[in-house]
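Enquirer: pasted the sequence and its predicted model underneath.
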Amino acid sequence: WKVEQEVFEKIDSATVPSSFSLERMLGDKAKTLHAKAEKELEVYKQRLKNDAPAMIAKRIAEARNLDCECRKKWEDTLRQSLILHIKSIEDAQQKLETFTQAKYMDVVHKLTLDVRIFLGTNAFVFLLLLLVSCLKPRAVNHLFLPSAMLLISTLICSYFYLFEQNWFYTILYNDYTGLSFITYLLLVFAFLCDIVFNSAKVTTEIINGILTAIGSTLSVVSC
């Protein structure tokens, strides 16, 4: 009874596949053909259901016979299926190991490159400050303020780079700072220069423009 129920469910699950592209080309003709195919399929389904009980009874009777050759055939089929299943698992495991190694190497390469850009930029800034102080000792007093702002900009960007970004999501989504770190450093330095040397006029205009864009009535006055 259980086998017969599953066979009938399998028969009922058979449907005529529909094609959107075919319907678009043939229009109503495709619908007519599809309806005709469904009627023919229902006829074949009913024939299968009529013949299924006799076939199931015959096969079950054969299976109950311990000397039936069908037992060995089913045993071989199950063994081959198990071997193929094990082989597919082994292949999947090997592919997973290969993918994991490749992904790890890719993460290490991109993370290393990102850190090198960060360290290289910082090293360049500090080396530049050192060279200025050594090669131009008389100009130290004049360059002290710009150098201090460059140093502050580097420290600010370094803080956000190291402590304010979520490294887990950075690695997971492959979203590294890269050369953008240099851009952020220059932007911070530019804003500091505007604040110190230009009374924050440009910064004020930018902030007021943002406030106006969001519909705020507030406004900022420069120093």
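Expert: In hand now; what should we look at?
Enquirer: show me what the longest helix seen in the chain is packed up against.
Expert: Among all segments of the chain classified by DSSP state H, the helix with the greatest residue count is helix 69-135. Secondary-structure packing of helix 69-135 (3 or more C-beta pairs under 8 Å, 6 or more residues apart in numbering; DSSP states H and E): helix 28-64, helix 140-159, helix 180-197. From N, CA and C alone the C-beta is placed, and that goes for glycine too.
Enquirer: how about JSON lines for these, with mean pLDDT and distance to Ile214 added?
Expert: Formatted as JSON lines, the entries for those read as follows, by pLDDT from 0 to 100; distance: least, C-beta to C-beta, whole Å:
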{"stretch": "helix 28-64", "mean pLDDT": "81", "distance to Ile214": "53"}
{"stretch": "helix 140-159", "mean pLDDT": "83", "distance to Ile214": "25"}
{"stretch": "helix 180-197", "mean pLDDT": "87", "distance to Ile214": "20"}
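Enquirer: so which of the ones you listed is nearest Leu131?
Expert: Using C-beta to C-beta as the criterion, the shortest distance between Leu131 and the helices and strands packed on helix 69-135 is 10.8 Å, found for helix 140-159.
Enquirer: in that closest one, what's buried?
Expert: Of all the residues in helix 140-159, those buried under the rule 16 or more other C-beta atoms under 10 Å are 146-147, 149-150, 153-154, 157-158.
Enquirer: re the thing from before, reformat the helices and strands packed on helix 69-135 as CSV; add distance to Ser133.
Expert: What follows is those, written out as CSV (distance: least, C-beta to C-beta, whole Å):
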stretch, distance to Ser133
helix 28-64, 82
helix 140-159, 6
helix 180-197, 18
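Enquirer: figure out which of the ones you listed is closest to Val125.
Expert: Distances from Val125 to each of these were compared by C-beta to C-beta, and the smallest falls on helix 140-159, at 4.9 Å.
Enquirer: which residues does that closest one contact?
Expert: Outside helix 140-159, the residues that touch it by C-beta atoms under 8 Å, 6 or more residues apart in numbering are 118, 121-122, 125-126, 128-129, 132-133, 136, 181, 184-185, 188-189, 192-193, 196.
Enquirer: next SSE downstream of that helix?
Expert: Towards the C-terminus, the helix or strand next in line after helix 140-159, according to DSSP states H and E, is helix 167-172.
Enquirer: run the chain-centre distance for that following helix.
Expert: Helix 167-172 has its C-alpha centroid displaced from the chain centroid by 12 Å (C-alpha atoms, centre = their mean, to the nearest Å).
Enquirer: repeat that for stretch 69-89.
Expert: With C-alpha atoms, centre = their mean as the basis, the distance from the averaged C-alpha position of stretch 69-89 to the chain average is 38 Å.
Enquirer: ditto for stretch 47-62
Expert: How far stretch 47-62 lies from its chain's middle: 50 Å, per C-alpha atoms, centre = their mean.
Enquirer: please apply the same query to stretch 134-148.
Expert: What separates the centre of stretch 134-148 from the centre of its chain is 48 Å, taken as C-alpha atoms, centre = their mean.
Enquirer: would you mind writing the CA trace of that stretch as CSV?
Expert: The C-alpha atoms that make up stretch 134-148 are tabulated as CSV, following Å, rounded to 0.1, in the frame of the first residue of the first chain:
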residue,chain,number,x,y,z
CYS,A,134,67.0,67.9,9.2
LEU,A,135,67.4,69.5,5.8
LYS,A,136,65.7,72.8,6.6
PRO,A,137,66.5,73.5,10.3
ARG,A,138,66.0,77.3,9.8
ALA,A,139,62.5,76.7,8.4
VAL,A,140,61.4,74.5,11.2
ASN,A,141,59.6,77.3,12.9
HIS,A,142,57.7,78.2,9.7
LEU,A,143,56.9,74.5,8.9
PHE,A,144,56.0,73.5,12.4
LEU,A,145,52.3,74.2,12.1
PRO,A,146,51.8,72.5,8.8
SER,A,147,53.9,69.6,10.0
ALA,A,148,51.9,69.4,13.2
